[in-house]
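Peer 1: Prediction below, plus the sequence it came from.
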Protein chains: 2
Amino acid sequence: MAKQPDLDDFRVPYFDGKKKNKFSLDDFDPAAKPFSTGTKESDRQRLSEIGAELDVFQERLHAQRKRRVLLVLQGMDTSGKDGTIRAVFHEVDPLGLRIAPFRAPTPDELAHDFLWRVHAQAPAAGELTIFNRSHYEDLLVPTVLGSIDEKAFDVRCRHIRQFEELLADSDTTIIKCMLHVSKDEQRERRQARIDDETKHWKFDLSDLDARKQWDKYQAVYRDALAATSTEYAPWYVIPADSKTHRNVMVAELLLRTFQGLKLDYPPAKESLKGVKVE
Amino acid sequence: MAKQPDLDDFRVPYFDGKKKNKFSLDDFDPAAKPFSTGTKESDRQRLSEIGAELDVFQERLHAQRKRRVLLVLQGMDTSGKDGTIRAVFHEVDPLGLRIAPFRAPTPDELAHDFLWRVHAQAPAAGELTIFNRSHYEDLLVPTVLGSIDEKAFDVRCRHIRQFEELLADSDTTIIKCMLHVSKDEQRERRQARIDDETKHWKFDLSDLDARKQWDKYQAVYRDALAATSTEYAPWYVIPADSKTHRNVMVAELLLRTFQGLKLDYPPAKESLKGVKVE
């Protein structure tokens, strides 16, 4: 029987002051399925089980109104951010879930510091919030396009660490997932979307530009992950060529996170004990 | 075989300048189950079918990024606003759904006009937004408590009609549901929550105050519904003593609404035709 994999083996080493460490994305095979339960069918079954558990945890989180949970999803186009949200949170009560999508910043947003619009979307007490893309876009894209240099990159990374530390010190549990797909898999998914005309609304020809800079994006991702994986806001690399594996792994990670929070319902209210409604 | 009920039989007559019309909440039996398919089991089955259809419509809404849909849920405590959201939108992609809950206004919110905080939550192009309570609370509560008089009530109703007309003229389809429960049913649900200590977080002893003013709330609800049901933002009375009936009826209403929108995927992009991803 295969050894049960350890989620921590997919955690990016914590930043210790040097971003040029031994961490490499090449050490993670995008096609690997370490958390798969065997078949797609059994993966879906497992996902459904975890979903039901997450739903219970989320209700307790909401009932307590103290802790906050933030899931950050990043990845190249077609890596499956939307699909992950759909699949993993299918069973979770929409009342307790908030999705914050980050697109290219508007002129208003650009008129502020890069964390301004992000801070506004931070989860409130009792909330489970998902960042669909995030402040990391404002680190990755300008770096690849050359509009910020390495020094500015390092400054942004420092601000991100400090910002995430503020959230963590304010009862927020942060989990960050990089959905790791191969260039080949992206080609297939892209082509499928082009060949299906009902999917055309999902993207534009200009979206292919990022693909042309694939290697540069991978290098900047490496540096960004290495410089911002911390004990209070760790990054995980999620092999994502298999959609069902990707979903199960993100779900397992969240389940472990919630289990670690030791959430219980708040104590019963003395004032309500024995009350009879008239 | 029973005559198939008509959703429009549950629509509050459109306001024609006089709120004192023949509309009465007493004409609607909270325990009725006109849209039930027979058993709880078959209702759940029907709900699941509609949910899958709503999911498809919602994706098209999102793809088009033109129309907006707003569902307003109102009702006395325990009438099932949370439960409706959970049950009806279970199948809908959380990516395309936004829930805006309205609680008692904060000092900041009170420092503005009563529609200020509501306008900020209006659905954007392509969005399906649910108001869990709404601007109607700011009409009902102050009226029952006596902090606004009948003249101020009428002024607020006028502002609400005008505000909703602005949204409707801006591609928003508005559906408003009053979840109609009986006072007896509320007692049972309340008592059940008191007897289950894990549910204590859901309310406070002071929540029983509104129950003491039950008749007054019902009268103000009647006037509010009569004065704000319009062609562009109709009110529906949802018999809600049966949870499964309530869910199915709200779902049927939404399904009909989406069917009327004639949503299709946007046309294929010429620029993408025949493109091969490298």
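Peer 2: Looks like it came in fine.
Peer 1: contacts, neighbours, all on C-alpha from now
Peer 2: Noted.
Peer 1: what sits up against the one helix or strand residue A:142 maps to?
Peer 2: In this structure, residue A:142 is located in helix A:137-145 according to DSSP states H and E. Contacts of helix A:137-145 with the rest of the structure, by Cα atoms under 8 Å, 6 or more residues apart in numbering or on different chains, involve A:114, A:148-150, A:153, A:156-157, A:213, A:216-217, A:220-221, A:224.
Peer 1: how about a cut-off of 7 Å?
Peer 2: A:114, A:148-149, A:153, A:156, A:216-217, A:220-221 (Cα atoms under 7 Å, 6 or more residues apart in numbering or on different chains).
Peer 1: Check which element follows it along the chain.
Peer 2: Note on helix A:137-145: by DSSP H and E, the next helix or strand toward the C-terminus is helix A:150-169.
Peer 1: That next one: which residues count as buried?
Peer 2: Of the residues in helix A:150-169, A:153-154, A:156-157, A:160-161, A:164-165, A:167-168 count as buried by neighbour count, 16 or more other Cα atoms under 10 Å in any protein chain shown.
Peer 1: what packs against that helix?
Peer 2: helix A:137-145, helix A:214-228 (3 or more Cα pairs under 7 Å, 6 or more residues apart in numbering or on different chains; DSSP states H and E).
Peer 1: I figured residue A:248 was touching residue A:47, is that so?
Peer 2: Yes. In terms of Cα atoms under 7 Å, residue A:248 counts as a neighbour of residue A:47; the distance is 5.6 Å.
Peer 1: Quick one: the strands in chain A, in order.
Peer 2: A:68-75, A:97-101, A:128-132, A:172-180, A:235-239 (DSSP state E).
Peer 1: In terms of secondary structure, what does the last one contact?
Peer 2: Counting contacts by 3+ Cα pairs under 7 Å, 6+ apart, strand A:235-239 packs against strand A:172-180.
Peer 1: between the strand it packs on and strand A:68-75, how big is the angle?
Peer 2: Regarding strand A:172-180 and strand A:68-75, their directions subtend 20 degrees when assessed with axes from the mean of the first three to the mean of the last three Cα atoms, to 10 degrees.
Peer 1: Okay, now the sheet partners of strand A:172-180, with direction.
Peer 2: Each strand that strand A:172-180 pairs with, and the sense of that pairing, follows from DSSP bridges: strand A:68-75 (parallel), strand A:235-239 (parallel).
Peer 1: CA atoms of the longest one as PDB?
Peer 2: Backbone C-alpha positions of strand A:68-75 (Å, rounded to 0.1, in the frame of the first residue of the first chain) are rendered in PDB as follows:
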ATOM      1  CA  ARG A  68     -11.700  34.200  10.200                       C
ATOM      2  CA  VAL A  69     -10.400  31.900   7.400                       C
ATOM      3  CA  LEU A  70      -8.800  33.100   4.200                       C
ATOM      4  CA  LEU A  71      -8.000  30.900   1.300                       C
ATOM      5  CA  VAL A  72      -5.900  32.500  -1.400                       C
ATOM      6  CA  LEU A  73      -6.000  30.800  -4.900                       C
ATOM      7  CA  GLN A  74      -3.400  31.600  -7.400                       C
ATOM      8  CA  GLY A  75      -2.300  29.900 -10.600                       C
END
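Peer 1: Can you dump the C-alpha atoms of stretch A:111-126 in PDB for me?
Peer 2: Once non-C-alpha atoms are left out, stretch A:111-126 reads as follows in PDB (Å, rounded to 0.1, in the frame of the first residue of the first chain):
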ATOM      1  CA  ALA A 111      -4.600  55.400  -7.300                       C
ATOM      2  CA  HIS A 112      -4.000  53.600  -3.900                       C
ATOM      3  CA  ASP A 113      -1.300  51.400  -2.600                       C
ATOM      4  CA  PHE A 114      -1.500  47.800  -4.000                       C
ATOM      5  CA  LEU A 115      -2.900  46.400  -0.800                       C
ATOM      6  CA  TRP A 116      -5.700  48.900  -0.400                       C
ATOM      7  CA  ARG A 117      -8.300  47.000  -2.400                       C
ATOM      8  CA  VAL A 118      -7.200  43.700  -0.900                       C
ATOM      9  CA  HIS A 119      -7.500  44.900   2.700                       C
ATOM     10  CA  ALA A 120     -11.100  45.900   2.000                       C
ATOM     11  CA  GLN A 121     -11.900  42.300   1.200                       C
ATOM     12  CA  ALA A 122     -10.300  40.700   4.200                       C
ATOM     13  CA  PRO A 123     -12.600  38.300   6.000                       C
ATOM     14  CA  ALA A 124     -14.600  39.500   8.900                       C
ATOM     15  CA  ALA A 125     -15.100  37.600  12.200                       C
ATOM     16  CA  GLY A 126     -16.900  34.300  11.400                       C
END
